[in-house]
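In: Got a sequence here, can you model it:
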Amino acid sequence: MTKECYLKMTQPFRDRPKLAKSLHIVNDVLTGIIFVSYPIFLIWLLWQKSPQLLKAILIPLDGFILLTVFRAMINRKRPYEQFEREPVIPKDTRGKSFPSRHVFSAAVIAMTFFLQPQLVGIGVLFLGFSAILAVIRVVTGIHFISDVLGAFVFAAAAWSIGFYLF
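Out: Numbering: from 1, shown residues only. Got it, this is the predicted structure:
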């Protein structure tokens, strides 16, 4: 992505503070829904005495740890660092942009709901939420497109490998 492309993509939100605030709220609400639902799901699996509980814990946890180590090793700059412009949504993290841990976590949690056939719809809904989060993180200058795409690939790989290992 070039600086011109970055500025063109983020400028409509810089020019409209209410729109930027709306994106910030949507980002926080969708993140909250997914991350509050996950422990509730785990408690439900425990209550059901589901054999899937261990997978539901280990797949996201192992993926999160591997992703955190990987992105620290890569330590890619974020768009707002590279192009020296403040992001539309307040963020001050330096580096560690690839892949997006935020999008990875949302996506892998969404996929975890696929472990229960009756909850696949929630998983699909949450994958949609993850896609919305990915778009928000790109258009607000927090991540590059490749950061969020990499997060989805990493989540799918972690879930697939973990599903068969555990």
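
In: Pop out the phi and psi values for His143.
Out: With angles defined as degrees, to the nearest 10, His143 sits at phi -140, psi 160.

In: what helix or strand is the closest residue to it other than its chain neighbours on?
Out: Setting aside the residues directly before and after it, His143 is nearest to Arg137 in space (CB to CB, 6 or more residues apart in numbering), at 4.4 Å. C-beta: built from backbone N, CA, C; applies to glycine. Using DSSP states H and E, Arg137 sits within helix 120-139.

In: so the residue nearest to His143 makes contact with His24?
Out: No: assessed by CB atoms under 8 Å, Arg137 is found out of contact with His24, at 11.2 Å.

In: between these two, who's got more neighbours?
Out: Arg137 (27 against 16; other CB atoms under 10 Å).

In: contacting residues around the more buried one?
Out: 27, 100, 102-103, 143, 147-148 (CB atoms under 8 Å, 6 or more residues apart in numbering).

In: does the most far-flung residue of the chain relative to its centre sit in a helix, a strand or a coil?
Out: Distance from the C-alpha centroid of the chain peaks at Lys49, with 28.6 Å (CA atoms, centre = their mean). The three-state assignment at Lys49 reads coil, by DSSP: H, G, I helix; E, B strand; the rest coil.

In: confidence score at it?
Out: Note for Lys49: predicted pLDDT of 96.

In: tell me the pLDDT at Ala156?
Out: pLDDT for Ala156: 96.

In: can you check the one 4 residues further on too?
Out: At Ser160, the predicted lDDT confidence score is 92.

In: what about it, how many neighbours?
Out: 12.

In: now do the one 4 residues further on
Out: If you count neighbours by other CB under 10 Å, Tyr164 ends up with 7.

In: Please apply the same query to Ile57.
Out: So Ile57, with other CB under 10 Å, has 16 neighbours.

In: just the one 10 residues further on next, same as before
Out: Burial of Leu67 is recorded as 22 neighbouring residues (other CB under 10 Å).

In: Could I get the contacting residues of it?
Out: Leu67 touches 99, 101, 104, 151, 154, 158, counting by CB under 8 Å, 6+ apart.

In: nearest to Ile57, of the residues you listed?
Out: Ala158 (13.2 Å; CB to CB).

In: which residues touch the residue nearest to Thr93 when sequence neighbours are not counted?
Out: Using CB to CB, 6+ apart and skipping residues adjacent in sequence, the residue nearest Thr93 is Arg78, 6.8 Å away. Going by CB under 8 Å, 6+ apart, Arg78 touches 87, 91, 93-95, 97, 141-144.
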